[in-house]
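Chemist: Build me a model from this:
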Amino acid sequence: MNRLHTGVTGLDDIIEGGYPKGRTMLILGPTGSGKTILGISFIQQACSEGRKSMIIATEELPEDILMQSESVGKPLEKFFKKGILLIDKVYEERTQYAKELQDIGIEGIDRLQTNILGLLERIPVEIECVVIDNLGVFILNMSPNEFRGQFDSLIVGLTKRNITAIIIMDLSADSRTENIASYSVYGVLRALIKDNPFTEARERLLEILKIRNTKISLDPIRFDITAKGIELMKK
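Modeler: Numbers count the residues shown, from 1 in each chain. Below you'll find the predicted structure:
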């Protein structure tokens, strides 16, 4: 199976060369655990290799994503300006739609917050790599059964188009949907923040829960977020 580089030094070696090409990976984690940085690292690497890429941003403005990428040593602005990278403005559309409803006195469910499958239509045909960050905003008004149907259809659609995708989801959303997403994707990584009982210091950990057709270790990997991006720490 062909692999694409993760953009994180050392991680490719741990997972037999990188993320499986044309498959979807799920990255789970709480706020501040490094989920978005993992996604940015992958997209920056893909753009560096000349792959047309896209970020579907559900919680941030494009300019904020570009600034964040610069701050962690994974600059995306040059790729954005050249058109190698697209940033879809789902977040702006959601807020604008909510304002329109409020202005006319209507209270209702945000159509952009319940249509997971519709994300596939937003991805141009030439796109090879996608990061969706954060899928959790779509499930606030969905039952686990409805989520499963839409999510499975999204994964199948991405696979048929041979798109290598990273879907980012917060742990609270994963819990509300009864951890269903992990069954549908090709691989799952979980970023965590935990207290080290020996040093009493807080640490970031990366767990590789599954990657199909890949030999993985179940040992958590300590990592840090630096001005050069994510750096894995020695055991």
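Chemist: Please determine how far the closest residue to G22 other than its chain neighbours is located from K210.
Modeler: By the measure of CB to CB, 6 or more residues apart in numbering, the closest residue to G22 outside its immediate chain neighbours is N162, 4.2 Å from it. Backbone N, C-alpha and C define where each C-beta goes, glycine included. Noted for N162: a distance of 21 Å to K210, by CB to CB, to the nearest Å.
Chemist: which of these two has more neighbours?
Modeler: Higher neighbour count among N162 and K210: K210, with 15 against 10, using other CB atoms under 10 Å.
Chemist: isn't that one right next to Y183, touching?
Modeler: No. Look at K210 against Y183 with CB atoms under 8 Å: they stay out of range, at 9.7 Å.
Chemist: contacting residues around the most centrally placed residue in the chain?
Modeler: For the chain, the residue nearest the mean C-alpha position is I168 (3.1 Å; CA atoms, centre = their mean). Contact analysis of I168 by CB atoms under 8 Å, 6 or more residues apart in numbering lists 26-27, 35-36, 38-39, 131-135.
Chemist: Just the residues you listed: which are in helices?
Modeler: Counting by DSSP state H, the members of the contacts of I168 that fall within helices are 35-36, 38-39.
Chemist: among these, who's most crowded?
Modeler: Highest neighbour count within the ones in helices among the contacts of I168: L38, with 28 neighbours (other CB under 10 Å).
Chemist: how about that residue, what does it touch?
Modeler: Listed by CB under 8 Å, 6+ apart, the contact set of L38 reads 6, 8, 27, 166, 168, 189, 191, 230.
Chemist: now the fifth one, nearest residue through space, not along the chain?
Modeler: Spatial nearest neighbour of I168, chain neighbours left out: D133 (4.2 Å); criterion: CB to CB, 6+ apart.
Chemist: helix, strand or coil for I230?
Modeler: strand (DSSP: H, G, I helix; E, B strand; the rest coil).
Chemist: any idea where the strands of this protein begin and end?
Modeler: Applying DSSP state E to the chain gives strands spanning 3-4, 19-20, 24-29, 53-57, 85-88, 129-133, 164-170, 187-195, 202-211, 221-226, 229-232.
Chemist: quick one: which of the contacts of L38 is nearest to M54?
Modeler: Minimum distance to M54 across the contacts of L38 is 10.9 Å, recorded for I166 (CB to CB).
Chemist: In this structure the closest one contacts I132, no?
Modeler: Yes. Taking contacts as CB under 8 Å, I166 lies within contact range of I132: 7.3 Å.
Chemist: report the longest helix in the protein, please.
Modeler: Max-length helix for the chain by DSSP H is helix 144-160.
Chemist: Quick check: which helices or strands does that helix pack against?
Modeler: Secondary-structure packing of helix 144-160 (3 or more CB pairs under 8 Å, 6 or more residues apart in numbering; DSSP states H and E): strand 24-29, helix 181-184.
Chemist: same thing but 10 Å
Modeler: Applying 3 or more CB pairs under 10 Å, 6 or more residues apart in numbering; DSSP states H and E, we find helix 144-160 packed against strand 24-29, strand 129-133, strand 164-170, helix 171-176, helix 181-184.
Chemist: Give me the helix or strand of the protein that scores worst on average pLDDT.
Modeler: Taking mean pLDDT, DSSP states H and E as the measure, helix 90-103 is the helix or strand of the chain with the lowest mean score, a mean of 52.
Chemist: How about residues contacting the longest helix of the chain?
Modeler: 22-24, 26, 114-121, 123, 130, 132, 135, 138-139, 142-143, 163-165, 167, 169, 173, 176-181, 183-186 (CB atoms under 10 Å, 6 or more residues apart in numbering).
Chemist: low-confidence ranges in the chain?
Modeler: For the chain, applying pLDDT under 70 flags the ranges 91-113, 235.
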